[in-house]
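Colleague: What shape does this take:
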Amino acid sequence: MTMHRTMRQMRISLAIASTLAVVVALTPEASAARSALVTLERAAPSTAQARAVSAAARAFVARNALRRVRRDVPEVGLVTVRVSPGTSFESFARRLEADPVVSSVEPDVSRRLRVLPDDPGLSQQDPAASTGTVYQWNMLRQNLPGAWALARGDAVKVGVLDTGIDSAHPDLATKVAATVDQDAGGGGIDDVVGHGTHVAGLACGATDNGYGSAGAGSNCQLIVEKTDLTSSSVVASIIDATKRGAKVINMSFGGWGETAGEKRALNYAFRRDVVLVAAAANNPQVNQGHPAADLQPMGTGGKLNEGNGLVVTAAGETGKRAYFAGRGSQISLAAFGYTSANGAPGIFSTFPANRTQFETGDTKPPSKPCECRTTLAGDNRFGYLNGTSMAAPQVAGVAALVRSANPGLSNLAVIQILKSTASQKGRWNSELGWGIVDAEAAVRAAIAYAGDTLPPITTPRGGRIRSSGRVFKLRWRSVDQAPAGVAPSGVESYRVYAKRRGSYKLVATTRTTSEQFRGNAGARYSFYVQARDRAGNLEPAPGGADFVVRVRG
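Modeller: Model prediction:
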């Protein structure tokens, strides 16, 4: 799903296209799966194509006598169906894969919330240790007050894919732009678990209202997608939040079993300029599971310009990685998600009025009942929780501040700003990634980028006209410009256009200064490259080709 591929071979003819083949290996859990994700060959990235894809989905379901589990998602060509009774998943999948419209058939796997409510060391409050410590010390340590003085997250919608929300909570009631029940079990948007309300408060809880707690994103609005954490529900939630205008999406969950549908949905949102934020694992492991691994693949965490989102691990009150939190080359950055063994029971935020599953232990899987509810100014609709689940929404809220400070920034620019301004100031390690998020530094960088109003300049390398074999590589160099007295924001990405006949078509988007192609013998191709900087300035298309390549016959 990444925009950039270091090695790309593309066959160019009258219509320029590329094909991605996905091979899925069934895990032992697949045998027991009773619903399946069917990804069709055809998807509908635009509204105009949705009717045809929906019609194809209906015909497929009827042709194979299938029963739907939930609504189709034509934007990524996903149909979720019930596995036929008395049939193994493997044989069911083989039967459906024989249908020519099917790209893949996968088990509808489930994710888990990334929170640690059942750890005794995290569920007991130490009154002595909390003396003199404010409830939201984490917001102060991440320089949120300084950021709020510069930007307030106005008009930015944050999608929260979680267990629902207590929409009557005084810190949330005015912040909800939309609520959607994507839980197949029904029950409305209410949060019976407690996780979603806590996460929503950390991301966009009301500030400056003289009550309760403050969310990192201040005035940002919430699009709450209540999910049952199955792949099908996650896909539907990502697509719906994107279509409703979310500019940031928070996913405080994860698990194993990669699905093509989720990868398509994440790619759908990313290509529509959404900043995607996922929680790292709640184990000190190097593989963070999905969706985290889809946003920051293995080996890319230390590369500032790679990754299609942010994977957030949890830091403890000491400033070091929390003992339980994910680490390694998939980590983008960190936020506070843990206090200390002798500190408060956890990170403070909003909590539902109803008794929650965290408090009864009726979670899935079952857990030890937590003592996480607390009272502030006589109101007990607050709670303490620990985990990477708590770290991620704080980063999502800061992303909303950055987007409001400079609406012209792309999602890639926001991601790069949050990494480069984090506490380690341009240095990465496997414990905290680029460091603990620094909200004020990020907002100041976003504002500074607004002063860069000049686009980059790209020049070809290796000769403009050339004769080549069927596989060839184009190389170029680029320099970003800025007005006098303004620091250039730096090149963010490149768009490569090509034509054989007729008009130019976009054939690649990359973050490096080269791209490899495969052409037809005897054909002649023209290319040009446009650079875009982090401030959002796009280089004008040139009057002619940057490269003309004749493929030897």
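
Colleague: Burial check on Arg112, number of neighbours?
Modeller: 17 (other Cβ atoms under 10 Å). Glycine gets a C-beta too; all of them are placed from N, C-alpha and C.

Colleague: which residues pair with the closest residue to it other than its chain neighbours across the strands?
Modeller: Counting by Cβ to Cβ, 6 or more residues apart in numbering, Gly255 is the residue found nearest to Arg112 once chain neighbours are left out, at 5.4 Å. Per DSSP bridges, the residues bridged to Gly255 are His290.

Colleague: State the pLDDT value of Gly255.
Modeller: Per-residue pLDDT puts Gly255 at 92.

Colleague: secondary structure element for Ala508?
Modeller: Per DSSP states H and E: Ala508 is located in strand 505-510.

Colleague: picking that back up, who are the contact partners of the residue nearest to Arg112?
Modeller: Residues in contact with Gly255 (Cβ atoms under 8 Å, 6 or more residues apart in numbering) are 109-112, 229, 289-290.

Colleague: surely His169 meets Thr350?
Modeller: Yes: between His169 and Thr350 there is a contact at 5.3 Å, judged by Cβ atoms under 8 Å.

Colleague: Flag every buried residue along the one helix or strand Val61 maps to.
Modeller: Secondary structure assignment for Val61, by DSSP H and E: helix 47-63. Buried residues in helix 47-63, counting neighbours by 16 or more other Cβ atoms under 10 Å, are found at 53, 56-57, 60-61.

Colleague: Just give me the closest of those residues to Tyr449.
Modeller: Proximity of the buried residues of helix 47-63 to Tyr449 (Cβ to Cβ) peaks at Val53, which lies at 38.0 Å.

Colleague: close enough to count as contact, the closest one and Pro74?
Modeller: Yes: contact criterion Cβ under 8 Å: Val53 and Pro74 qualify, at 4.1 Å.

Colleague: shared neighbours of those two, anything?
Modeller: Between them, Val53 and Pro74 share the contacting residues 43-44, judged by Cβ under 8 Å, 6+ apart.

Colleague: Number of residues surrounding Thr133?
Modeller: Counted with other Cβ under 10 Å, Thr133 comes out at 12.

Colleague: where's it, which helix or strand?
Modeller: Short version, using DSSP H and E: Thr133 is in no helix or strand.

Colleague: Can you tell me the closest non-neighbouring residue to it?
Modeller: Ala344 (7.1 Å).

Colleague: can you map out the strands along the stretch 401-550 of the chain?
Modeller: 457-461, 465-468, 471-479, 491-499, 505-510, 514-519, 524-533, 547-551 (DSSP state E, counting those that start in this stretch).

Colleague: Tell me which of those sits nearest to Leu432.
Modeller: strand 491-499 (24.2 Å).

Colleague: Gln330 is in contact with Ser430, correct?
Modeller: No: if you go by Cβ under 8 Å, Ser430 and Gln330 don't touch, sitting 9.5 Å apart.

Colleague: can you pull up the bridge partners for the residue positioned nearest the centre of the chain?
Modeller: Centroid-nearest residue in the chain, with Cα atoms, centre = their mean: Leu276, separated by 2.1 Å. Beta bridges link Leu276 to Ile249 when assigned by DSSP bridges.

Colleague: how close does Asn537 sit to Arg444?
Modeller: To Arg444, Asn537 is 19 Å away according to Cβ to Cβ, to the nearest Å.

Colleague: More neighbours: which of those two?
Modeller: Asn537 (23 against 20).

Colleague: who touches the more buried one in this structure?
Modeller: So Asn537 contacts 452-456, 489 (Cβ under 8 Å, 6+ apart).

Colleague: tell me the two of those residues that are most distant?
Modeller: Thr453 and Pro456 (12.2 Å).

Colleague: who has more neighbours, the two?
Modeller: Taking other Cβ under 10 Å, Thr453 and Pro456 do not tie; Pro456 has more neighbours (22 against 14).

Colleague: correct me, but that one touches Arg477?
Modeller: No: at 10.2 Å, Pro456 does not count as touching Arg477 under the criterion of Cβ under 8 Å.

Colleague: neighbours of the closest residue to Leu385 other than its chain neighbours, just the number please.
Modeller: Nearest residue to Leu385, sequence neighbours excluded (Cβ to Cβ, 6+ apart): Gly346, at 4.8 Å. Residues lying near Gly346 (other Cβ under 10 Å) number 26.

Colleague: returning to what we had before: looking at the buried residues of helix 47-63, which one is closest to Lys499?
Modeller: Val53 (28.3 Å).

Colleague: ok, that closest one to Ala44 distance?
Modeller: Distance from Val53 to Ala44, by Cβ to Cβ: 4 Å.

Colleague: How about Leu474?
Modeller: 32 Å.

Colleague: Tell me which of these two has more neighbours.
Modeller: Leu474 (23 against 20).

Colleague: in the sheet, who's paired with the more buried one?
Modeller: Glu515.

Colleague: My guess is it contacts Ser514. True?
Modeller: Yes: Leu474 is within contact range of Ser514, at 6.5 Å (criterion: Cβ under 8 Å).

Colleague: who touches stretch 185-198?
Modeller: 113, 115, 117, 160, 162-167, 169, 172, 179-181, 224, 226, 228, 252, 349-352, 354, 356-359, 363, 372, 383, 385, 389-390.

Colleague: Show me where the protein has its helices.
Modeller: In the chain, the helices defined using DSSP state H lie at 47-63, 89-97, 120-123, 127-130, 137-141, 144-148, 195-204, 231-243, 260-271, 292-295, 357-360, 388-405, 411-420, 439-449.

Colleague: Which one of those helices has the poorest average confidence?
Modeller: Looking at the helices of the chain, the bottom one is helix 120-123 with a mean of 28.

Colleague: Distance to Ala484 for the helices of the chain - can I get that in CSV?
Modeller: CSV is the format used below for these (distance: least, Cβ to Cβ, whole Å):
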stretch, distance to Ala484
helix 47-63, 44
helix 89-97, 61
helix 120-123, 53
helix 127-130, 52
helix 137-141, 37
helix 144-148, 28
helix 195-204, 39
helix 231-243, 39
helix 260-271, 35
helix 292-295, 38
helix 357-360, 56
helix 388-405, 23
helix 411-420, 22
helix 439-449, 15
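
Colleague: so which of those comes closest to Leu506?
Modeller: Using Cβ to Cβ, those put helix 260-271 closest to Leu506, at 11.7 Å.

Colleague: Which strands or helices does the closest one pack on?
Modeller: Applying 3 or more Cβ pairs under 8 Å, 6 or more residues apart in numbering; DSSP states H and E, we find helix 260-271 packed against strand 35-40, strand 78-82, strand 102-107, helix 231-243, strand 275-279, helix 292-295.

Colleague: what's the most buried one of those?
Modeller: Mean neighbour count (mean count of other Cβ atoms under 10 Å) peaks for strand 275-279 among the helices and strands packed on helix 260-271, with a mean of 32.
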